[in-house]
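**Student:** Below are the sequence and a predicted model; questions follow.
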Amino acid sequence: MATEEVLVDEITYPSKITTTKPLSLLGHGITDMEIHFIHVKFYSIGIYLEPEVVGHLEQFKGISAKELEENDEFFNALISAPVEKFIRLVVIKEIKGAQYGVQIETAVRDRLAAEDKYEEEEEEALEKVIEFFQSKYFKKHSVITYHFPTNSATAEIVVSLEGKEDSKYVIENANVVEAVKKWYLGGSSAVSSSTIRSLASTFSQELSK
């Protein structure tokens, strides 16, 4: 059976993928901003989760998509649900790996500092992540994925660049892993409001079944 495809800002995402388990595309969007009155899109995002995740979110049954979108407790429950999570980013506007690394550094450090969890171990772990991205150059359609296995405090990053072998890195610091999840899935503090809106819409429908 062929997997259906979903267009996210003209970029194709399979509706289902298999890591260690079959995962479904349950949310998608883009990161963008206005720069000198020009609308600039940076990358598209696809959020893949085990379909069973719905069973861990029953307490949010019957809540509208709009209310879910504004409910950070819902997104915290989604982040902590014991299911496999996979985030796929496809670059729209080319960017140096060093620039992307700075974005991660700022997002993760600020989150952990706010929660009083930014210690020496976190700083070292974050430095290694930035180092991993440092020498790369992301042309349009380059792919970055984050894989969060079930019940594991690690995250595997894979970078796919045209004409090169995939490069991989595993983050093993639980606090840094958590902060990366929150960067993409953390409700009002997430990097992409369109992705959060999409997740809220999907789950509002799934939870009303």
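**Tutor:** Alright, I've got the coordinates. From a predicted model like this one, the values you see are computed outputs, not experimental measurements.
**Student:** C-alpha coordinates for the longest helix seen in the chain, CSV please?
**Tutor:** As assigned by DSSP state H, the longest helix anywhere in the chain is helix 97-114. Extracted C-alpha coordinates of helix 97-114, given in CSV (Å, rounded to 0.1, in the frame of the first residue of the first chain):
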residue,chain,number,x,y,z
GLY,A,97,25.0,25.2,9.9
ALA,A,98,26.6,27.6,12.2
GLN,A,99,23.6,29.9,12.0
TYR,A,100,21.2,27.0,12.7
GLY,A,101,23.5,26.0,15.6
VAL,A,102,23.1,29.5,17.1
GLN,A,103,19.3,29.2,16.9
ILE,A,104,19.4,25.9,18.8
GLU,A,105,21.9,27.3,21.4
THR,A,106,19.8,30.3,22.2
ALA,A,107,16.5,28.3,22.3
VAL,A,108,17.9,25.5,24.5
ARG,A,109,20.0,27.7,26.8
ASP,A,110,17.2,30.2,27.4
ARG,A,111,14.7,27.4,28.2
LEU,A,112,17.1,25.6,30.6
ALA,A,113,18.2,28.8,32.3
ALA,A,114,14.6,29.8,32.9
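**Student:** Need the contact partners of that helix.
**Tutor:** 118, 122-123, 126, 129-138, 144, 175-176, 179-180, 182-183, 186, 189, 191 (CB atoms under 8 Å, 6 or more residues apart in numbering). To be clear about C-beta, it is placed using only N, CA and C from the backbone, and glycine gets the same treatment.
**Student:** Please give the centre-to-centre distance between that helix and its chain.
**Tutor:** What separates the centre of helix 97-114 from the centre of its chain is 14 Å, taken as CA atoms, centre = their mean, to the nearest Å.
**Student:** Okay, buried residues for the next helix-or-strand element following that helix please.
**Tutor:** Under the assignment DSSP states H and E, the closest C-terminal helix or strand after helix 97-114 is helix 120-134. By neighbour count on 16 or more other CB atoms under 10 Å, the buried set for helix 120-134 is 122, 125-126, 129-130, 132-133.
**Student:** mind putting those in a markdown table, distance to Glu52 and pLDDT included?
**Tutor:** What follows is the buried residues of helix 120-134, written out as a markdown table (distance: CB to CB, whole Å; pLDDT from 0 to 100):
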| residue | distance to Glu52 | pLDDT |
| --- | --- | --- |
| Glu122 | 31 | 97 |
| Ala125 | 30 | 97 |
| Leu126 | 31 | 97 |
| Val129 | 29 | 97 |
| Ile130 | 34 | 97 |
| Phe132 | 31 | 97 |
| Phe133 | 32 | 97 |
